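Peer 1: just need the structure, nothing else, for what follows:
(one chain, ligands or ions: 1)
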Amino acid sequence: MGEELLVYINGEYHPKPEAKVSVYDHGFLYGDGVFEGIRAYDGVVFKLKEHIDRLYHSANTIMLDIPMTKEEMINAVLETLRRNGLRTAYVRLIVTRGVGDLGLDPRKCKRPTVIIIAEPTIVVHEAKERGLKAVITWVRRDPVDTTSHEVKSMNYLNSILAKIEANIANVDEAILLDKHGFVCEGSGQNIFIVKDGVITTPPPSTGALLGITRNTIIKIAEKLGYKVVERNVTPHELFNADEVFLTGTATEIAPVVEVNRRKIGEGEIGPITKRLMEEFDKVVRDPKEGILI
Ligand code: PXG
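Peer 2: Next up, the predicted model:
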């Protein structure tokens, strides 16, 4: 199955084994580009418009002129899914500065490279069903560093270093603090804590990405009648929360049951997390919440 997949590169579809970009592409040489991870559920591309908006905002900040309108980009994503016969999928949309020379100067890059990969599945956390173990890593998020925060750029070394820390500690995920020592987010997920029925998530001033799943969860939680607060969270509050969970497009909702060897709550998936997971599962399949393939 995998080898029959078609990958979109600059308007053309290439079989997966032949889907290649130049070593002179500045996305490869410098991480000079932006991307989105998007999911489709049963024919609904969840929050596609929001992902496209974020991609274009990221591109605008790094002065990368995407050579397509948003509408053309949406159609290209939908067409890639159709050509691959996929109704449930994980989509990676990448726009790099394009092919240049070995210097940094982006003026040498005449045309951005647009890539759309659609895979039938992505499993980020096999431990999601039983709850994740996590460690707080030494790697920090810097809220004023555009490459690690508001701009969803191709520079993910901080997140990868954090993930390496999790691997070394033999746990599932890493939690990053901001430069003040407040809890920020996971390597590629936003974080929430639940205490006495109140749901709290760190503000973007910590350097946390304004995740599309984060927004969805806030809306679902409020609709279910929970109080949701955005404020700084200390590691102490994290250790002593009743429930902790991570959210992201790839991860969806992942309960966290242990942080730096401290058991969270009862050490199992909490009732509010469970409730949100059930509701999330319905929302992502709602045609009103996305664009139909
Ligand atoms: N924070 C960061 C730093 C992210 O990269 C999220 C939060 C969640 O955002 P959304 O909009 O998806 O709810 C992300 C998501 C992965 C993976 O394998 C995750 C992301 C990118 C690439 C891979 O989990 N970004």
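
Peer 1: what does the stretch 151-293 of the chain put close to the ligand?
Peer 2: Residues of the stretch 151-293 of the chain lying near the ligand by C-beta under 6 Å from any ligand atom: 159, 185, 188-190, 209, 211-214, 247-251. Placement of C-beta: from N, CA and C, glycine included.

Peer 1: okay, and which of those map to strands?
Peer 2: Here DSSP state E is the test, and these give 185, 190, 247-248 as lying in strands.

Peer 1: now, the most widely separated pair of the residues of the stretch 151-293 of the chain next to the ligand?
Peer 2: Pairwise distances across those (C-beta to C-beta) peak at 17.0 Å, for the pair Ser159 and Ile212.

Peer 1: which pLDDT value goes with the closest residue to Gly98 other than its chain neighbours?
Peer 2: In space, and not counting its chain neighbours, Gly98 is closest to Cys109: 4.0 Å by C-beta to C-beta, 6 or more residues apart in numbering. The score at Cys109 is 98. That number is its pLDDT.

Peer 1: what's the answer for the one 5 residues further on, then?
Peer 2: In this model, Val114 is scored at 98, pLDDT.

Peer 1: picking that back up, just the buried ones from the residues of the stretch 151-293 of the chain next to the ligand?
Peer 2: For these, a neighbour count by 16 or more other C-beta atoms under 10 Å gives the buried set as 159, 185, 188-190, 209, 211-214, 247-251.

Peer 1: partner strands of whatever helix or strand Val45 lives in, parallel or antiparallel?
Peer 2: Assigned by DSSP states H and E, Val45 belongs to strand 44-46. Strand 44-46 has its sheet partners listed here by DSSP bridges as strand 33-41 (antiparallel), strand 290-292 (antiparallel).

Peer 1: so Ala162 is in which element?
Peer 2: Counting by DSSP H and E, Ala162 is part of helix 157-168.

Peer 1: name the residues of the following helix or strand past that helix that are buried.
Peer 2: Next along the chain after helix 157-168, taking DSSP H and E as the criterion, comes strand 173-178. Neighbour-count burial for strand 173-178 flags 173-178 (criterion: 16+ other C-beta under 10 Å).

Peer 1: tell me which of those is nearest to the ligand?
Peer 2: Leu176 (8.4 Å; C-beta to the nearest ligand atom).

Peer 1: what sits against the closest one?
Peer 2: Applying C-beta atoms under 8 Å, 6 or more residues apart in numbering to Leu176 gives the contacts 136-137, 139-141, 158-159, 162, 184-187, 207.

Peer 1: per-residue confidence at it?
Peer 2: Confidence score, pLDDT, at Leu176: 97.

Peer 1: hey, what's it bridged with?
Peer 2: Glu185.

Peer 1: where does the chain have low pLDDT?
Peer 2: 1-3, 143-149 (pLDDT under 70).

Peer 1: for it, what spans make up the helices?
Peer 2: Using DSSP state H, the helices found in the chain span residues 26-30, 48-61, 70-83, 157-168, 212-223, 235-239, 271-283.

Peer 1: what helices or strands is the last one leaning on?
Peer 2: Applying 3 or more C-beta pairs under 8 Å, 6 or more residues apart in numbering; DSSP states H and E, one finds that helix 271-283 makes contact with helix 212-223, strand 243-248, strand 252-259.

Peer 1: how does it look with 10 Å?
Peer 2: Here helix 271-283 touches strand 190-195, strand 198-201, helix 212-223, strand 243-248, strand 252-259, going by 3 or more C-beta pairs under 10 Å, 6 or more residues apart in numbering; DSSP states H and E.

Peer 1: what comes up buried for the shortest one?
Peer 2: The one in question is strand 198-201. For strand 198-201, the buried set under the neighbour-count rule, 16+ other C-beta under 10 Å, comprises 199-201.

Peer 1: what do you get for stretch 124-133?
Peer 2: 124-125, 127-128, 131-133.
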